[in-house]
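Generate coordinates for the sequence data below:
(4 chains)
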There are 2 protein chains.
Amino acid sequence: MSGHTQTALQLQPVQAQPANARKPLPPSVAGLNLLENLGVSIVVRRDQEIYGQDDPAEYYYQVISGSVRTVKLMADGRRQVSEFLLPGEVFGFDALDRYDFAAEALEDALVRRYPRRRVEALAGQDAALSQRLRQLMNAKLRQAHDRMLVLGRMTASERIASFLLQLADRAAGPIELAMSRRDIADYLGLTIETVSRTLTMLKADGTIRMFKKCRLEIRNRAALEAMASERRH
Amino acid sequence: MSGHTQTALQLQPVQAQPANARKPLPPSVAGLNLLENLGVSIVVRRDQEIYGQDDPAEYYYQVISGSVRTVKLMADGRRQVSEFLLPGEVFGFDALDRYDFAAEALEDALVRRYPRRRVEALAGQDAALSQRLRQLMNAKLRQAHDRMLVLGRMTASERIASFLLQLADRAAGPIELAMSRRDIADYLGLTIETVSRTLTMLKADGTIRMFKKCRLEIRNRAALEAMASERRH
DNA sequence: CGAGCACTTGAAAGATTTCAAGTCCAGTGG
DNA sequence: CCACTGGACTTGAAATCTTTCAAGTGCTCG
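Below you'll find the model as predicted:
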């Protein structure tokens, strides 16, 4: 519980992101720069809650460094993870009034938050911003739809494979599995045992390789891609 | 393949919906009236495609009468139904550029469509409309999130139960199951056999009752509600 | 009245989950 | 510096829920 990636508030446009060598940043991010002066950066520590499920939705967020998960809990403890968010990605848009999901830091992280009300007020005057917001939301909706297919119609192997590919596409370089097996399981609608077994299988046949505890490398992308869309087993 | 519910184009605001005794109409609808003059009504027949998966997204839609499903197909034929849309509800918002899902009429239906470009242009000038659009999208996003929990973490019985309750809440009066077992199965991430068996079970213990072929009545709402959130069987 | 399709039902096969031990580390304390 | 403790992860075996495969059944449309 010490030493965050960065401590100072970071007010520069997110475009400049020298820390880790990420891709050019997802297109989804751009527009938020219009209101960079509204943003305030916040440091959160591993497993710390950024906002709670059903909290009034007062801010939009963007990850600057570290990573975040959004989760929903059922009364009996079953859990669903909605998203894993990497640097540059935005969250907190799933809110009409109150947040649908809670947001928690996967690891020590720096996030930037923008007051909802003011952003929306601004959007009322700025057509470009307004459209940008709609696009961001659209992107979220599309992702949610893709998840439906995964959760509703894919086998365990397919889910794991597409999950790894998705991570690989978002994070340049080796994948950092900052999330626990439980997080992955709750993201994919599986149990931790099934996740573990499938990962073990992939390690055994040389499709992936893991170092340390959470650094993962894809050694045979083709195999993963085949596995991601393979009917039954 | 004959006799639509209504043949003439219907240009009145959707508020007036005398045909079947529906609820006051979901709140999600309201805002679209701002651009009633942009809308054009279209008649579609049972199983007819309104737009295809990956078609360029040129219109936003609203159901006037009848009902609609949105579906996505995987290469190997697996299918996921995203939504069942009842009168008053809107669709075609899941589009950045091209539609994520195809939309097909569940039964002969009348839908109203609004040119995307023009609506968005209008939204650029009209803050209220812009916000309304964002709210509609938000509502869709929230629904998608709820589906995630259903698809990722619920048992077959829970899925069926919550599906029936959801339908009951949207359609006042007895539920009309305009969709086939296959549609329901693909909506809930189950097989038609499982859907059929579960429904049979519910009929057997008197929780629901079915007439004709698609009219369904909930006779024991409490039982359904219990079943909708019951861990394991 | 017959054909075809949707739905139901039964039995067997499977894929995941559940239950139960292990194993592996990281952080702690001796 | 090294053994120890707790939590996360892995692995194995049995239990289960769903699916798959296979017939029925019943309706609707010609």
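
Nearest spatial neighbour of A:R170, chain-adjacent residues omitted?
What sits nearest to A:R170 in space, not counting adjacent residues and going by CB to CB, 6 or more residues apart in numbering or on different chains, is A:L86, at 5.5 Å. (C-beta placed from N, C-alpha, C; glycine too.)

per-residue pLDDT, the one you found?
Listed pLDDT for A:L86 reads 95.

Pull the contacting residues for the residue nearest to A:T70 when sequence neighbours are not counted.
Spatial nearest neighbour of A:T70, chain neighbours left out: A:F101 (4.0 Å); criterion: CB to CB, 6+ apart. Contact analysis of A:F101 by CB atoms under 8 Å, 6 or more residues apart in numbering or on different chains lists A:Q53, A:T70, A:V71, A:K72, A:S82, A:D94, B:H145.

Just the residues you listed: which are in helices?
B:H145 (DSSP state H).

Drop anything exposed from the contacts of A:F101.
For the contacts of A:F101, a burial check counting by 16 or more other CB atoms under 10 Å in any protein chain shown picks out A:T70, A:V71, A:K72, A:S82, A:D94, B:H145.

what bridges to the third one?
Bridge pairing for A:K72 (DSSP bridges) gives the partners A:Q80.

Count the residues that sit near the residue nearest to A:R181 when sequence neighbours are not counted.
Among residues not flanking A:R181 along the chain, A:I192 sits closest, at 4.3 Å (CB to CB, 6+ apart). By other CB atoms under 10 Å in any protein chain shown, the residues close to A:I192 number 14.

Repeat that for the one 3 residues further on.
Burial of A:V195, expressed as a neighbour count using other CB under 10 Å, amounts to 23.

Pull the distance from the helix or strand harbouring it to the chain's centre.
Secondary-structure element containing A:V195, defined by DSSP states H and E: helix A:192-204. Helix A:192-204 sits 22 Å away from the centroid of its parent chain (CA atoms, centre = their mean, to the nearest Å).

got the buried residues for stretch A:96-115?
For stretch A:96-115, burial by neighbour count (16+ other CB under 10 Å) applies to A:99-115.

filter these down to the ones near DNA strand D?
Near DNA strand D, judged by CB under 7 Å from any atom of the strand, there are no entries from the buried residues of stretch A:96-115.

Grab the nearest non-local neighbour of A:A223.
In space, A:A223 is closest to A:T207, 4.6 Å off (CB to CB, 6+ apart).

surely the one you found meets A:N220?
Yes. A:T207 is within contact range of A:N220, at 4.6 Å (criterion: CB atoms under 8 Å).

From A:E58, how far off is A:R117?
Per CB to CB, to the nearest Å, A:R117 is found 8 Å from A:E58.

what does A:E158 give?
Going from A:E158 to A:E58 by CB to CB gives 38 Å.

Between the two, tell me which one has more neighbours.
Set side by side, A:E158 and A:E58 show more neighbours around A:E158, with 22 against 15, by other CB under 10 Å.

quick one, the host helix or strand of that one and helix A:192-204 angle?
Using DSSP H and E, A:E158 sits in helix A:156-170. If you take axes from the mean of the first three to the mean of the last three CA atoms, to 10 degrees, helix A:156-170 sits at 70 degrees to helix A:192-204.

Which residues outside helix A:156-170 are in contact with it?
Contacts of helix A:156-170 (CB under 8 Å, 6+ apart): A:23, A:26, A:84, A:86, A:89, A:150-151, A:154, A:175, A:177, A:184, A:187-190, A:194-195, A:198-199, A:202, A:208, A:216, A:218, A:221, A:224-225, A:227-230, A:233.

Any quick ChimeraX command for the buried ones out of the residues you listed?
Applied in ChimeraX, the following selects the buried portion of the contacts of helix A:156-170 according to 16+ other CB under 10 Å:
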select /A:84,86,89,150,151,154,175,177,184,187,188,189,190,194,195,198,199,202,208,216,218,224,227,228
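
Checking A:R113 next. Helix, strand or coil?
Per DSSP: H, G, I helix; E, B strand; the rest coil, the secondary structure class of A:R113 is strand.

contacting residues for it?
By CB under 8 Å, 6+ apart, A:R113 lies in contact with A:G39, A:V40, A:S41, A:I42, A:Y59, A:Y60, A:Y61, A:Q62, A:G92.

Helices of chain A, start to end?
Secondary structure of chain A (DSSP H): helices at A:116-125, A:127-153, A:156-170, A:181-188, A:192-204, A:221-228.

And for A:K203, the neighbour number?
By other CB under 10 Å, the residues close to A:K203 number 14.

where's the closest residue to it other than its chain neighbours relative to A:L199, distance?
Spatially, and ignoring its direct neighbours in sequence, A:K203 is nearest to A:M210 (6.3 Å; CB to CB, 6+ apart). Counting by CB to CB, the gap between A:M210 and A:L199 amounts to 8 Å.

what residue ranges in chain A score low on pLDDT?
For chain A, the stretches with pLDDT under 70 are A:1-34, A:231-233.

So which residues on it come close to DNA strand D?
So far as CB under 7 Å from any atom of the strand goes, chain A lies against DNA strand D at A:S180, A:R181, A:R182, A:I192, A:E193, A:V195, A:S196, A:R197, A:L199, A:T200, A:K213, A:R232.

Show me which pair in the residues you listed is furthest apart.
Pairwise distances among the residues of chain A next to DNA strand D were taken by CB to CB; the largest, 32.0 Å, belongs to A:K213 and A:R232.

doesn't A:L106 make contact with A:R46?
Yes. A:R46 lies in contact with A:L106 (CB under 8 Å); the separation is 7.3 Å.
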